[in-house]
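Q: The following block contains a protein sequence and its predicted model.
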Amino acid sequence: MNIHFIAIGGSAMHNLALALYYKGYIVTGSDDTIHEPSKSRLKAKDLLPEEMGWFPEKITTDLDAVILGMHAKVDNPELLKAQELNLKIFSYPEFLYEQSKDKTRVVIGGSHGKTTITSMILHVMKYHDIEVDYMVGAQLEGFDTMVHLTSENEFIVLEGDEYLSSPIDRRPKFHLYKPHIALLSGIAWDHINVFPTFDNYVKQFSIFLESIVKGGMLVYCSDDPLVKMLAETTQNSIKKYEYNTIPYNNENGTTYLLSNEGKIPLHIFGRHNMQNLAGAQWICQLMGVDNTKFLEAISSFTGASKRLEKLAENKHSVLFKDFAHSPSKVKATVNAVKSQYPNKKVIACLELHTYSSLNAQFLKDYQKTLDKADEAVVFYSPHAVSIKGLKEVTKQQIKEAFKKENLIVYTKPIDFQKFILEKEFTNTSLLMMSSGNYGGLDLNELARRFS
């Protein structure tokens, strides 16, 4: 097939482009800007556009399909040309569904834990040499791409994101996959620029449960009251399996899973990860991997990229990077680090970067999320607020929202970077939380101070 990507440079889009290239498709694409690592990875396979911009002349009737990324706008010249020629235009999730119509689709949904649970499942499958197709939202150790598609594999494991599918398809991505096996981890309001009310956001997960094929299976976290309610009241004719936090303890900085087969040492830690592990265990069992094999494999799982990822460690201090940005994720991450390192000083640095986190009305949801930190810092850019078309947020609003004593707030990248790069870290757990880059902070330079 001859496939063209409009906005090929995105994290998800370029991985799908690579997956189709490896499958033998003819792949082309355009974008107005492409950053690393997408740029180098596309260039290595000769898929990098020769020049940046949009070129309607690339859109011809020779194309079998066009895949439209979220970065493109509804008036994109290439999109308009594709519509004019009446070509098949797919969103990213639509195309993944087309590629998996004849497979058993396993979809991992929830406001938090999706990437980690999906990563755990894929780690277990790889450990036991079980070939599956997949799409996951983070680069995993031992995996070349975040998307893998074949003609022969029986299963495809998909991370079920609730964000929109494309500029012209406003459905959440996970509504399009029609899973045979689904997991729902938890619900905490997010993406308020798209889902303006909590009820509207929750409704998307109800629709997700209804999208499970008749006779399919749902694994759900009963520790979350809202998930439990939705799972138990859905009218869909499906089988249901509940899970909750798996028993564990922490001894001398190591977390042990407490199982019928004894204590299993883990590389990961924190209550949410123990929930995630329990969910992954159920899914793997439904995919044919028994508990003994699961436990053997999961002991070597080191985590997903940017999800409580240990960047550096020395004899007395440790540095973590985490994608956490929503209130529930921030609180869970800070609490996990404090619980794992109770005798270390926890310094938590949070960048407010998303539409939700920079919304003045949403800020109150961050109340007490940083309470377990011994020292807490919030960084945000007023310029980012302006770009997103949001009302100005002040330092005082931030302090009042978090209700954290002695909270430090920075609005200038140079001030935040000076603070963090000149600080002494003795007997410290430093936690860097952001879906951005702290205004250009070099985390590698920071990590060198912990080596």
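A: Received the coordinates, thanks. Bear in mind the structure is a predicted one, so any value in this text is a computation, not a measurement.
Q: tell me what the helix or strand hosting residue 255 is packed against?
A: Following DSSP states H and E, one finds residue 255 within strand 254-259. Helices and strands touching strand 254-259, by 3 or more Cβ pairs under 8 Å, 6 or more residues apart in numbering; DSSP states H and E, are strand 248-251, strand 262-266, helix 271-286, helix 291-298. In short, each C-beta sits where N, CA and C put it, glycine included.
Q: And the residue nearest to residue 368 when sequence neighbours are not counted, its phi and psi?
A: Of all residues beyond its chain neighbours, the one nearest residue 368 is residue 403 (5.9 Å), with distances taken as Cβ to Cβ, 6 or more residues apart in numbering. As for residue 403, its main-chain torsions (degrees, to the nearest 10) stand at phi 50, psi 50.
Q: still on that earlier bit, can you give me the angle the strand holding residue 255 makes with helix 271-286?
A: 40 degrees (axes from the mean of the first three to the mean of the last three Cα atoms, to 10 degrees).
Q: ok so, going back, winner for burial among the helices and strands packed on strand 254-259?
A: When you average the neighbours per residue for each of the helices and strands packed on strand 254-259 (mean count of other Cβ atoms under 10 Å), helix 271-286 leads with a mean of 23.
Q: now that one: how far from the chain's centre is it?
A: The chain centroid and the centroid of helix 271-286 are separated by 16 Å under Cα atoms, centre = their mean, to the nearest Å.
Q: What of stretch 153-164?
A: 12 Å.
Q: Can you show me the CA trace of it as CSV?
A: Extracted C-alpha coordinates of stretch 153-164, given in CSV (Å, rounded to 0.1, in the frame of the first residue of the first chain):
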residue,chain,number,x,y,z
ASN,A,153,0.2,-12.2,15.0
GLU,A,154,-3.0,-13.2,16.8
PHE,A,155,-3.1,-10.4,19.5
ILE,A,156,-2.6,-6.6,19.3
VAL,A,157,-2.2,-4.7,22.5
LEU,A,158,-3.3,-1.0,22.3
GLU,A,159,-2.9,1.8,24.8
GLY,A,160,-6.3,3.4,24.8
ASP,A,161,-5.9,7.1,25.0
GLU,A,162,-9.1,9.1,25.6
TYR,A,163,-7.8,12.2,23.7
LEU,A,164,-9.3,13.2,20.3
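Q: For the residue lying closest to residue 150 once chain neighbours are set aside, grab the count of nearby residues.
A: Nearest residue to residue 150 in three dimensions, chain neighbours excluded: residue 133, at 5.7 Å (Cβ to Cβ, 6+ apart). Number of residues near residue 133 (other Cβ atoms under 10 Å) recorded here: 24.
Q: For residue 133, give me its contacts.
A: 99-100, 103, 148-150, 153, 155-157 (Cβ atoms under 8 Å, 6 or more residues apart in numbering).
Q: Equivalent analysis for residue 446, please.
A: 311, 319, 420-421, 432.
Q: which two in those residues are spaced the farthest apart?
A: 311 and 421 (14.3 Å; Cβ to Cβ).
Q: ok, the two, which is more surrounded?
A: Set residue 311 next to residue 421 and count neighbours by other Cβ under 10 Å: residue 311 wins out with 17 against 12.
Q: you'd agree the more buried one is in a strand?
A: Yes: under DSSP: H, G, I helix; E, B strand; the rest coil, residue 311 sits within a strand.
Q: hang on, it packs against residue 317?
A: No: using Cβ atoms under 8 Å, residue 311 makes no contact with residue 317, being 11.5 Å away.
Q: Spell out which residues are contacts of both of those two.
A: By Cβ under 8 Å, 6+ apart, residue 311 and residue 317 have these common neighbours: residue 450.
Q: buried set for stretch 385-398?
A: 385, 390, 393, 398 (16 or more other Cβ atoms under 10 Å).
Q: got a pLDDT number for the residue nearest to residue 150?
A: If you check residue 133, the pLDDT there is 98.
Q: so what's the backbone phi/psi at residue 167?
A: The phi/psi pair for residue 167 (degrees, to the nearest 10) is phi -60, psi -20.
Q: could you measure it against residue 71, distance?
A: When distance is defined by Cβ to Cβ, to the nearest Å, residue 167 is 9 Å away from residue 71.
Q: Work out for me the element residue 418 sits within.
A: Counting by DSSP H and E, residue 418 is part of helix 413-422.
Q: what's downstream of that helix, the next helix or strand?
A: Where DSSP H and E defines the elements, the next helix or strand beyond helix 413-422 is strand 428-433.
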